[in-house]
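S.K.: Sequence plus predicted model, see below.
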Amino acid sequence: MGNIDLSLITPPVLVPAEIRAAEYVRMSTEHQQYSTDNQRDAIRQYAQRRGMIITRTYVDAGKSGLRIEGRAALKQLIKDVETRQTDFSVILVYDVSRWGRFQDTDESAYYEYVCRRANILVHYCAEPFENDGSAISAIIKNLKRAMAAEYSRELSSKVFIGMCRIIELGYRQGGCAGIGLRRMLRDIDGNFKGTLRRGEQKSLSTDRVILVPGPPDEVAIVRSIYRMFVEEKRAKAEIARILREQGAKTEWGHRWNIHSIHEVLTNEKYIGNNVYYKTSFKLQKRFVRNPPDMWIRKPGAFEPIISPDLFYKAQNIISERRRRCTNEELLGDLRALLEREGRLSGPLITQTEDMFGKEIYRQRFDTLVSAFKLAGYNPGKDFRYAAINRELHKIESQIVADVIQRIHQLGGTVAQDPVTGVLEINNEFTATVAVARFREWVRPRSRHWFIPGDIRLKADVAIVVRMDTENRQPLDYYLLPRIDTTTKHLMLRERNGVYLDAYRFSTLEFFFGMVRRVKDLEAV
């Protein structure tokens, strides 16, 4: 056998296996540099340099990075990783802040840890460090997370200061005018540009809005409410009854009730004061009703339609009535209601016009159930459902807050009626949110989701949130047109027919798409 010339043998070329990657992009409303297209370009250039192929894309468009709630794409990504439903070994993100500006930086680290535990690495494509687990990488990454969280806090503070400044200058900051008042538009030089009707909004960001007296018939209604309450010493329930008999309606076209009367009697805008920060929801934390000493107030910002003397007399009467009512008197009202109706419940208290609201019972006795027991009524089922109902109320409030924030992120406007909770969106249509509680009947065996009675409010769109079987998480959403019915109970079943199920969605993105389209049509 002859000698072999080894120089003639070509060694095999080793082709590295392609690294399969998923990309996660999130667009907030801050800067154009963070648009999803720009993020994708940077990510794909990074992938090309590293020999990676992108097999899947997760997109959260117009989402805040403060909390994972509402970020469907990131939640789905984490779920796919945890359940091993992945065809990738790397996740590509533009930078640390796109992963999230979580106020607790440990939360951001936790979601990355979940991925790393499943042997899936997270790469931050636009960051100057390599996310390789080294000590220097961990230090820089945690510093970046803290900076991202601090940026959100600073931005929130700056926005708050700016809004307070607008209030102190005497300009209206969002919300409907209210009965007896109208929104007047002023340009940057202070010149009046005309009254904004319902369904109209300012077209220039430099324009400002103030409140002015509305139609004489509405002003007369407001003044009659104060006159009957202060001078004639009538109760709020009696005033509401008189207005209903006269055919008078609220600014939303609803019948007057004790709560809408209370709103008129306690709102300082009727004496010309501009008030802000009654409630707060900073950085998507817990919704808080702030005490009056925290309110931002500009006295005399608008032309009053009620004299300050009459207004403060009304406040003194309200305070005195609350102070005079002893616990025993409150329980006496409950006992009288129990004797008349044979039962007690929160909705029943609300519907009874000659009683204090259920909130005062919660303030005095901690819970409604405690008050019912002291009045001699054992609610039975209410013990089992009281905690669930409280949690459902929190979930509903959170969903409403998320909806309001998302609409603002889309560049829209939204105002919430303080009495009914109805949302007026882009001054074009109204919407209401209702959480449908799950219940299972044994005989006959069937599953139902009960829709609260307030769904019958005259809103153009009803967002019905169907809860899971544990009443802990939303199962899906029904986006229903106006419901006009006198039926006492409304419910959904597992299958609701072709018509109703056509309005069923897994997320609220369809609703936000509708809001966006309405806004785009207004621009046209």
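M.R.: Perfect, thanks for sending it.

S.K.: pretty sure Val264 is touching Tyr270, no?
M.R.: Yes - contact criterion C-beta atoms under 8 Å: Val264 and Tyr270 qualify, at 7.1 Å. Heads up, the C-betas are built off the backbone N, CA and C, glycines and all.

S.K.: hey, what's in contact with both of the two?
M.R.: Val222 (C-beta atoms under 8 Å, 6 or more residues apart in numbering).

S.K.: Of the two, which one has the most company?
M.R.: Tyr270 (29 against 25; other C-beta atoms under 10 Å).

S.K.: give me every residue that touches that one.
M.R.: Residues near Tyr270 by C-beta under 8 Å, 6+ apart: Gly180, Leu181, Val222, Val264, Pro304, Ile305, Ile306, Phe311.

S.K.: From Glu251, how far out is the fifth one?
M.R.: Okay, so that is Pro304. Applying C-beta to C-beta, to the nearest Å, the value for Pro304 to Glu251 is 18 Å.

S.K.: The stretch 351-500 of the chain: helices as residue ranges?
M.R.: 358-365, 368-374, 381-409, 497-501 (DSSP state H, counting those that start in this stretch).

S.K.: what mean pLDDT would you report for the last one?
M.R.: With pLDDT averaged residue by residue, helix 497-501 scores 65.

S.K.: after that helix, next one along is what?
M.R.: From helix 497-501 onward toward the C-terminus, using DSSP states H and E, the following helix or strand is strand 504-505.

S.K.: Direction included, what does that next one pair against?
M.R.: Take DSSP bridges as the rule and strand 504-505 pairs in its sheet with strand 474-481 (antiparallel).

S.K.: roughly how far out does the strand it pairs with sit from the chain middle?
M.R.: Computed by C-alpha atoms, centre = their mean, to the nearest Å, the chain-centroid distance of strand 474-481 equals 15 Å.

S.K.: So, low pLDDT: which residues of the stretch 101-250 of the chain?
M.R.: Within the stretch 101-250 of the chain, the stretches with pLDDT under 70 are 101-105, 136, 143, 147-162, 174, 199.

S.K.: tell me, how many neighbours does Trp99 end up with?
M.R.: 24.

S.K.: What about the contacts of Tyr270, which are in helices?
M.R.: Secondary structure assignment by DSSP state H places Val222, Val264, Phe311 of those in helices.

S.K.: tell me which of the residues you listed is nearest to Phe511?
M.R.: Val264 (31.1 Å; C-beta to C-beta).

S.K.: Quick check: which element contains the closest residue to the closest one other than its chain neighbours?
M.R.: Among residues not flanking Val264 along the chain, Ile225 sits closest, at 5.3 Å (C-beta to C-beta, 6 or more residues apart in numbering). Ile225 belongs to helix 216-226 when assigned by DSSP H and E.

S.K.: buried residues in the helix or strand just after that helix?
M.R.: Note on helix 216-226: by DSSP H and E, the next helix or strand toward the C-terminus is helix 236-246. Buried residues in helix 236-246, defined by neighbour count with 16 or more other C-beta atoms under 10 Å: Lys236, Glu238, Ile239, Ala240, Arg241, Leu243.

S.K.: Then stretch 334-342?
M.R.: Using 16+ other C-beta under 10 Å as the test for burial, stretch 334-342 gives Leu334, Leu337, Leu338.

S.K.: give the contact list for the first one.
M.R.: I take that to be Leu334. The contact partners of Leu334, taken as C-beta under 8 Å, 6+ apart, are Leu344, Tyr361, Ala371, Phe372, Ala375, Tyr377.

S.K.: Same question for Arg172.
M.R.: Arg183, Arg208, Val209, Ile210, Leu211, Asn274 are the contacts of Arg172 under C-beta under 8 Å, 6+ apart.

S.K.: low pLDDT regions in the stretch 351-500 of the chain?
M.R.: Regions of the stretch 351-500 of the chain meeting the criterion pLDDT under 70 cover residues 351, 353-354, 380-387, 419, 441-445, 452-458, 482-489, 497-500.

S.K.: Kindly check the end-to-end length of stretch 226-234 for me.
M.R.: 10 Å (C-alpha to C-alpha, to the nearest Å).

S.K.: what comes up buried for that stretch?
M.R.: By 16+ other C-beta under 10 Å, the buried positions in stretch 226-234 come out as Tyr226, Met228, Phe229, Val230, Arg234.

S.K.: quick one, longest strand in the protein?
M.R.: When the chain is parsed with DSSP state E, its longest strand is strand 429-441.

S.K.: which one of the buried residues of stretch 226-234 is nearest Ala434?
M.R.: Nearest to Ala434 among the buried residues of stretch 226-234: Phe229, at 31.7 Å, using C-beta to C-beta.

S.K.: Settle this for me: the closest one is touching Glu238, isn't it.
M.R.: No - with contact defined as C-beta under 8 Å, Phe229 does not reach Glu238; the gap is 9.4 Å.

S.K.: ok so, going back, how about TSV for the helices of the stretch 351-500 of the chain, with distance to Glu112 and mean neighbour count added?
M.R.: Listed next are those as TSV, based on distance: least, C-beta to C-beta, whole Å; neighbours: other C-beta atoms under 10 Å:
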stretch	distance to Glu112	mean neighbour count
helix 358-365	42	16
helix 368-374	44	19
helix 381-409	24	16
helix 497-501	38	10
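
S.K.: How far away from the center of its chain is stretch 343-359?
M.R.: In terms of C-alpha atoms, centre = their mean, the centre of stretch 343-359 is found 26 Å from the chain centre.

S.K.: Quick one: residues in contact with it.
M.R.: 235, 237, 240-241, 257-259, 325, 330, 333-334, 337-338, 341, 361, 368, 372, 375, 377, 379, 382, 453.

S.K.: Let's check: the centremost residue of this protein is which one?
M.R.: Nearest to the geometric centre of the chain sits Ala401, at 1.3 Å (C-alpha atoms, centre = their mean).

S.K.: From Leu410, how far off is that one?
M.R.: Counting by C-beta to C-beta, the gap from Ala401 to Leu410 is 15 Å.

S.K.: ok, now Arg466?
M.R.: Arg466 sits 24 Å away from Leu410, going by C-beta to C-beta.

S.K.: coming back round to it: out of the helices of the stretch 351-500 of the chain, the one nearest Val422 is which?
M.R.: Nearest to Val422 among the helices of the stretch 351-500 of the chain is helix 381-409; the distance by C-beta to C-beta comes to 10.4 Å.

S.K.: what angle sits between that closest one and strand 474-481?
M.R.: Interaxial angle, helix 381-409 versus strand 474-481 (axes from the mean of the first three to the mean of the last three C-alpha atoms, to 10 degrees): 70 degrees.
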